[in-house]
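Trainee: This is a predicted model, with the sequence first.
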Amino acid sequence: MADGEQRSTVRPLRPAAPPDGGAGPVPRPRRDTTPARAGGPEAEPKTQPAEPKTEPPAPKTELVDPKATPVEPKTESAEPDATSAGGEAASADKTAAGRRRRVPFAHAVRMPPPRQLAVGAARATRAWSRRPSGRTTLPGLFLLALVAATATAGAVLVPAAVRKPQPVAVDATRNAPVQGVPQAGVVPGAPVGPGATGLPGTVGPTGTAVPGGTPTGPVAPTPGRPADALAAWAQQVSATTGIPPVAMQAYGYAELVLAQTNRSCQLSWTTLAAIGYVESRHGSANKATLRPDGVAAPEIVGAPLDGQGGRSRILDTDQGQLDHDPVYDKALGPMQFIPSTWQEIGADADNDDVKNPHDIDDAALAAGRYLCKGGRNMTIPGDWWGAILSYNDVRRYAQDVFNKADEYGRLSGT
């Protein structure tokens, strides 16, 4: 009621303000459990004095302590319609009770433990860096970390960036695909299966050769020239290839020795025979002939290596002792060794205690050792072409050796 008259709708009164000078929150009125009818004689005296107190103190209700329990919007003057007034009060109680309590953000949100550790470490590092000890130590730590990172990156990236060295023949193939060295994957005289190794044979206890065999032990020493043990085999192969029997014995014997002393090289006699043909036509250049002991007569001596006519320029390295030229070097013998190379790789294959570049036995074995240098495997195309180009770094030369070795392999069936 607002004017002392009864109305059909009863509204809950606003919470009463505390009296002047009062302390603490407004006390909550007890709920009257005694039902009362609307318009009863006891309702009017309680509602009329409530109107002048509810309107003026309305603004003060906002200043009530927020931590206190909110005052329920109920008064004793709502007894005329106890049923409706009790329903309104109950809904107000539920609304007030359903509100969440507001908590400061810092206490409501919790950072994950790893993030807390990172933030704490960052703050501690920043505080330490401002101290005198931190100012002197922190730059050193950064420098150490930079050096460690650089070393790690170098260990990972540098090996991947450095390409493995490739044989010379690979580059030669790319530069001259038609007229130069053939493509990789082709090796003249390479083994094609069991029993087709290209080896001249095994020297048996009696000094006879077994064609097509594989060496199983050291070459049996024989009186005189050891290569004579391959005479029968050399005669057969010479008839099909046109290679002189004396030269054929030297090439086959060199392959046998290398098969026992440098088994991983797997050099075929066809390669040695091809080099002997290209260099001196098997010891017949300059009208020379091979004697039965394998020595070329007269000696085969090349032109001076003075840089003229497409020749290399190589100054004297033996004081003219082998080539009789104190100014420039000259290639010597059936396999055409220059003096400095012969002094390094020369061999004695005929047991005469002399390393003679004009003896085809010594020269063929020395050429085989030279081709097998550096751990080469002559059945691998890259190693084969690299070996031939190291012998003479001319693409046309390597191509001629390949063609002749392939021809000898086809003619001999090896």
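Mentor: It's in.
Trainee: Quick one: mean pLDDT over the helix or strand hosting residue 116.
Mentor: For residue 116, the element it lies in under DSSP states H and E is helix 113-129. Averaging pLDDT along helix 113-129 gives 78.
Trainee: remind me which residues of the stretch 51-200 of the chain are low pLDDT?
Mentor: For the stretch 51-200 of the chain, applying pLDDT under 70 flags the ranges 51-113, 154-187, 189-200.
Trainee: on that earlier part again, packing partners of the helix holding residue 116?
Mentor: Packing partners of helix 113-129 (3 or more CB pairs under 8 Å, 6 or more residues apart in numbering; DSSP states H and E): helix 132-161. To be clear about C-beta, it is placed using only N, CA and C from the backbone, and glycine gets the same treatment.
Trainee: Mind giving me the packing neighbours of the helix it packs on?
Mentor: Identification of packing neighbours for helix 132-161 by 3+ CB pairs under 8 Å, 6+ apart yields helix 113-129.
Trainee: Looking only at the helix it packs on, what residues are buried by neighbour count?
Mentor: By neighbour count on 16 or more other CB atoms under 10 Å, the buried set for helix 113-129 is empty.
Trainee: what about the helices in the chain?
Mentor: Taking DSSP state H, the helices of the chain run over residues 43-47, 51-54, 82-98, 105-108, 113-129, 132-161, 168-175, 231-241, 245-261, 269-280, 339-345, 360-371, 381-391, 395-412.
Trainee: Spatially nearest residue to residue 234 (excluding sequence neighbours)?
Mentor: Using CB to CB, 6 or more residues apart in numbering and skipping the chain neighbours, the partner closest in space to residue 234 is residue 248 (3.9 Å).
Trainee: For that neighbour, which residues are in contact?
Mentor: Counting by CB atoms under 8 Å, 6 or more residues apart in numbering, residue 248 touches 230, 234, 237-238, 241, 273.
Trainee: at 10 Å what do you get?
Mentor: 200, 227, 230-231, 233-239, 241-242, 269, 273, 276, 282, 408, 412 (CB atoms under 10 Å, 6 or more residues apart in numbering).
Trainee: Can you select the buried ones from those in PyMOL?
Mentor: The buried residues among the contacts of residue 248 can be selected in PyMOL (16+ other CB under 10 Å) with this line:
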select buried, resi 200+227+230+231+233+234+237+238+241+269+273+276+282+408+412
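Trainee: Can you report phi and psi for residue 309?
Mentor: Phi and psi for residue 309, reported as degrees, to the nearest 10, are phi 60, psi 30.
Trainee: How much space separates it from residue 302?
Mentor: Computed with CB to CB, to the nearest Å, the distance linking residue 309 and residue 302 is 12 Å.
Trainee: Compare the two and say which one has the larger neighbour count.
Mentor: Each of residue 309 and residue 302 has its neighbours counted (other CB atoms under 10 Å); residue 302 has more, 19 against 7.
Trainee: my guess is the more buried one contacts residue 286, does it?
Mentor: Yes - between residue 302 and residue 286 there is a contact under CB atoms under 10 Å: 9.0 Å.
Trainee: can you list residues touching both of the two?
Mentor: Counting by CB under 10 Å, 6+ apart, the common neighbours of residue 302 and residue 286 are residue 280.
Trainee: pLDDT weak spots in the stretch 251-400 of the chain?
Mentor: Across the stretch 251-400 of the chain, nothing is flagged by pLDDT under 70.
Trainee: and the residue lying closest to residue 322 once chain neighbours are set aside, how many neighbours?
Mentor: Computed as CB to CB, 6+ apart, the closest residue to residue 322 that is not its neighbour in sequence is residue 339, at 4.5 Å. By other CB under 10 Å, 23 other residues sit near residue 339.
Trainee: Quickly note the distance from residue 339 to residue 302.
Mentor: For residue 339, the distance to residue 302 - CB to CB - is 11 Å.
Trainee: related to what we said a few turns ago, is it true that the residue nearest to residue 322 touches residue 316?
Mentor: Yes - with contact defined as CB under 10 Å, residue 339 reaches residue 316; the gap is 8.0 Å.
Trainee: what touches both of those two?
Mentor: Counting by CB under 10 Å, 6+ apart, the shared contacts of residue 339 and residue 316 are 323, 325, 329-330.
Trainee: Can you flag which of these belong to strands?
Mentor: The strands in this structure, assigned by DSSP state E, contain residue 330 from those.
Trainee: so who does residue 276 touch?
Mentor: Residue 276 sits next to 243-244, 247-248, 250-251, 282-283, 334-336, 360, 363-364, 367, 401, 404 when contact means CB under 10 Å, 6+ apart.
Trainee: try 6 Å this time
Mentor: Residue 276 makes contacts with 282, 334, as judged by CB atoms under 6 Å, 6 or more residues apart in numbering.
Trainee: cool, the one 4 residues further on as well?
Mentor: By CB under 6 Å, 6+ apart, the contact list for residue 280 reads 300, 334.
Trainee: now do residue 296
Mentor: Neighbouring residues of residue 296 by CB under 6 Å, 6+ apart: 283, 288, 290, 334, 358.
Trainee: Just flag the most distant two among those.
Mentor: Spatial extent of the contacts of residue 296 (CB to CB) is set by the pair 290 and 358 at 9.9 Å.
Trainee: circling back: buried among the contacts of residue 296? Need that as a selection in PyMOL.
Mentor: The following PyMOL line selects those of the contacts of residue 296 that are buried, judged by 16+ other CB under 10 Å:
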select buried, resi 283+288+290+334+358
